[in-house]
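S.K.: Sharing a sequence plus its predicted fold:
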Amino acid sequence: MHCSIKARPLLAGVALTILAGPAFALDGNDLLAKVNKALAIQGGTIEAQSIAVNGDHVILTGTSFNPSGATERLPIGTVTLDGVKDDAGGYSIDKVTFPNFSTSKEGSTVSVSDITMSGVTVPGDASTGGFDSLLLYDEAHSGPMTVAVDGKTIFAVAETNVTTALSDDSSGLDFDLNLKGMKADLSVIDDPQTKEAVTALGLTSLDGKMTVSGNWTQNDGTVDIKEYSLDFAKVGRLNLAVSLSGYTLDFIRSAQETAKAMEANPDKQEAQQAANLAMLGLMQRLTFNSAQIRFEDDGITKRALDYAGKKQGTTGEQMAQMVKAMTPLMLAQYNIPELQNMLSSAVNTFLDKPGALTVDAEPANPVPFPMIMGAAMGAPNTLPKVLGVKVSAND
């Protein structure tokens, strides 16, 4: 009897553990359902033929992704989720690992390997209307990616990394994208004239990188892209920076609803007309803050002038002088004297010594898109003043 009494607490503990176990087990179906609710605004759904849960590991087998508006699902395969934890009604995931991907169509093959996501957050409530209702991650990574045509690689990326960071109050989202080791083979071009130009310009092979960075603010929907650049060795770096407001989650939902309505309408002409009107309405909610386009030369300008000059039976230096003389004549027809003078001066400076050419648009105050569209249709020559356009070179 004495031994039996001692055993009771142990047996009770074992029984409690057994009974409590299911309450603390992860629900794989609930996890996938909440992932799809969060993905609704980001454009797509995920399906899995089976879901297996083992502690904090979840394995989705026979997974496929259906992008919004697509007619075919994209097969993925087995997806492994490690370090899955309940998090305020949602889930946090330490790491998601995808299988290597390869697809072929009409002689072209796209392959990507080493695909992972880390620090993934699945919201418990995807209807709050804030950034905390989105499926977010700290980092998304992929290793080598190649595009091959008839067995020959024509484009490749060594590594891709995307990072995001939500502000402490969930009001802002920072994002960065880096594509490293971008290589393109343009020697495969068949058209003789294009092949001649590509060869003369030294573009038969390209080696470079792509960088995107910026932030997105929730309340007023300000998207501030500080850098969107393509940088190729012996060619140059082209960067676009732009800031606009009004691009809220509600704006995105409205745009998606417009797209769905267009797809559901069997009369495609009528659907297109309705979509155009709806998009015009949506554009009225956007505001232009600023923009910049900047090109930094790394040798392509001289080669382009030499090639153009040769085609005209002259030299690159003489071709540069011809371009400098033609620029004000071409701009004169647009009745934009102030911009004409700035652009002509910048072109002269740039062609004399190719460095950087920059076009800035910085209005004194943010400009609503309807005002921009009105100026473009009614008095296009006023657009440079409306947008505060300035042009400079080698600064």
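M.R.: Nice, thanks for sending it over.

S.K.: Output stretch 312-331 as PDB - backbone C-alpha positions only.
M.R.: The C-alpha coordinates for stretch 312-331 follow below in PDB (Å, rounded to 0.1, in the frame of the first residue of the first chain):
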ATOM      1  CA  GLN A 312      27.400  57.200 -90.000                       C
ATOM      2  CA  GLY A 313      30.900  57.100 -91.600                       C
ATOM      3  CA  THR A 314      32.500  59.300 -88.900                       C
ATOM      4  CA  THR A 315      34.300  59.100 -85.600                       C
ATOM      5  CA  GLY A 316      32.900  58.800 -82.100                       C
ATOM      6  CA  GLU A 317      34.200  62.300 -81.200                       C
ATOM      7  CA  GLN A 318      32.400  63.800 -84.200                       C
ATOM      8  CA  MET A 319      29.300  61.800 -83.300                       C
ATOM      9  CA  ALA A 320      29.300  63.400 -79.900                       C
ATOM     10  CA  GLN A 321      29.500  66.800 -81.400                       C
ATOM     11  CA  MET A 322      26.500  66.000 -83.600                       C
ATOM     12  CA  VAL A 323      24.400  64.800 -80.600                       C
ATOM     13  CA  LYS A 324      25.300  68.000 -78.700                       C
ATOM     14  CA  ALA A 325      24.100  70.100 -81.700                       C
ATOM     15  CA  MET A 326      20.900  68.100 -82.300                       C
ATOM     16  CA  THR A 327      19.800  68.000 -78.600                       C
ATOM     17  CA  PRO A 328      18.500  71.700 -78.400                       C
ATOM     18  CA  LEU A 329      16.900  71.400 -81.800                       C
ATOM     19  CA  MET A 330      15.000  68.300 -80.900                       C
ATOM     20  CA  LEU A 331      13.800  69.800 -77.500                       C
END
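
S.K.: Please identify the buried residues of that stretch?
M.R.: Buried residues in stretch 312-331, defined by neighbour count with 16 or more other Cβ atoms under 10 Å: 316, 319, 320, 321, 323, 324, 327, 328, 331. All C-beta atoms are positioned from the backbone trio N, CA, C, and that covers glycine.

S.K.: Might you calculate how far stretch 100-113 sits from the centre of the chain?
M.R.: 21 Å (Cα atoms, centre = their mean, to the nearest Å).

S.K.: got it, and stretch 325-342?
M.R.: 35 Å.

S.K.: distance between the ends of that stretch?
M.R.: 14 Å (Cα to Cα, to the nearest Å).

S.K.: contact partners of that stretch?
M.R.: Residues outside stretch 325-342 that contact it (Cβ atoms under 8 Å, 6 or more residues apart in numbering) are 343, 344, 347, 348, 380, 381, 384, 385, 389, 390, 391, 392.

S.K.: how about a cut-off of 7 Å?
M.R.: 343, 344, 347, 381, 384, 389, 390, 391 (Cβ atoms under 7 Å, 6 or more residues apart in numbering).

S.K.: Give me the phi and psi for the last one.
M.R.: The main-chain torsion angles of residue 391 are listed as degrees, to the nearest 10 and equal phi -130, psi 140.

S.K.: still on that earlier bit, and of the contacts of stretch 325-342, the nearest to residue 29?
M.R.: residue 389 (54.7 Å; Cβ to Cβ).

S.K.: quick one: low-confidence parts of this structure?
M.R.: 1-24, 69 (pLDDT under 70).

S.K.: farthest pair in the contacts of stretch 325-342?
M.R.: Going by Cβ to Cβ, the pair spanning these furthest: 347 and 381, at 19.3 Å.

S.K.: Tell me which of the two has more neighbours.
M.R.: More crowded of residue 347 and residue 381, by other Cβ atoms under 10 Å: residue 347, with 20 against 12.

S.K.: Great, nothing more from me.
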